[in-house]
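Novice: Sequence first, predicted model second:
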Amino acid sequence: MMQTTTSLSPEEIRLAKENLEIFARQLGKKVITGRIGEKGKECVFRLPETTVRLVVDLLSETSRGNPVAIMPLKTEFSTQQAANFLNVSRPFFVNLLEKGEIPFRKVGSHRRVRFDDLIRYKKKTDKRSLEALDELVTQAQDLGMGY
């Protein structure tokens with residue numbers, strides 16, 4: 001299941017900022033507890049640290065007014081959805097699949113790609129891009145180009 005926010009009101013942004021501070025102070029604790037609900041009908045909740053980290057990330061983005069999507073890493077994308085996520089054309093993406101750059105499975109004649117495999121590929125390509133940029137900066141400095 002995917003939950004998405006498309007726009008945030010000023011009040012939602014304010015609340016995100018307010019609660020970000022509260023949850024951020026809890027980072028590092030294995031379990032946090034709190035109360036939720038109306039007075040007299042409150043219940044106690046317990047959250048593991050991994051969930052608190054997720055909540056902090058969510059509140060951090062929403063406090064800046066950024067819309068957020070949450071989905072399980074095992075979510076499968078069509079080739080078009082995956083290409084859109086990577087900001088490449090569908091034919092380019094299909095070529096990546098056929099070259100074995102990203103794992104996929106077939107459902108009938110359709111390819112399906114897991115979100116976690118897309119994330120892994122994106123991290124790998126982002127890392128390569130940063131390394132190439134660092135190399136260019138080093139070369140420019142060696143050549144005295146003022147960078």
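Specialist: Nice, thanks for sending it over. Residues are numbered from 1 along each chain as shown.
Novice: What residues of the helix or strand harbouring residue 123 count as buried?
Specialist: Per DSSP states H and E, residue 123 falls inside helix 115-142. Applying a neighbour-count criterion of 16 or more other Cβ atoms under 10 Å, one finds 115, 117, 118, 121 buried in helix 115-142. C-beta coordinates here come from the backbone N, C-alpha and C atoms, glycine included.
Novice: Strands of the protein, start to end?
Specialist: 3-4, 31-36, 43-48, 69-70, 76-77, 105-107, 110-114 (DSSP state E).
Novice: May I see the ones you listed organised as JSON lines, with mean neighbour count, distance to residue 133 and mean pLDDT added?
Specialist: Shown next, in JSON lines, are the strands of the chain (neighbours: other Cβ atoms under 10 Å; distance: least, Cβ to Cβ, whole Å; pLDDT from 0 to 100):
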{"stretch": "strand 3-4", "mean neighbour count": "9", "distance to residue 133": "32", "mean pLDDT": "53"}
{"stretch": "strand 31-36", "mean neighbour count": "12", "distance to residue 133": "39", "mean pLDDT": "83"}
{"stretch": "strand 43-48", "mean neighbour count": "11", "distance to residue 133": "37", "mean pLDDT": "86"}
{"stretch": "strand 69-70", "mean neighbour count": "10", "distance to residue 133": "28", "mean pLDDT": "84"}
{"stretch": "strand 76-77", "mean neighbour count": "18", "distance to residue 133": "28", "mean pLDDT": "96"}
{"stretch": "strand 105-107", "mean neighbour count": "9", "distance to residue 133": "34", "mean pLDDT": "95"}
{"stretch": "strand 110-114", "mean neighbour count": "18", "distance to residue 133": "27", "mean pLDDT": "97"}
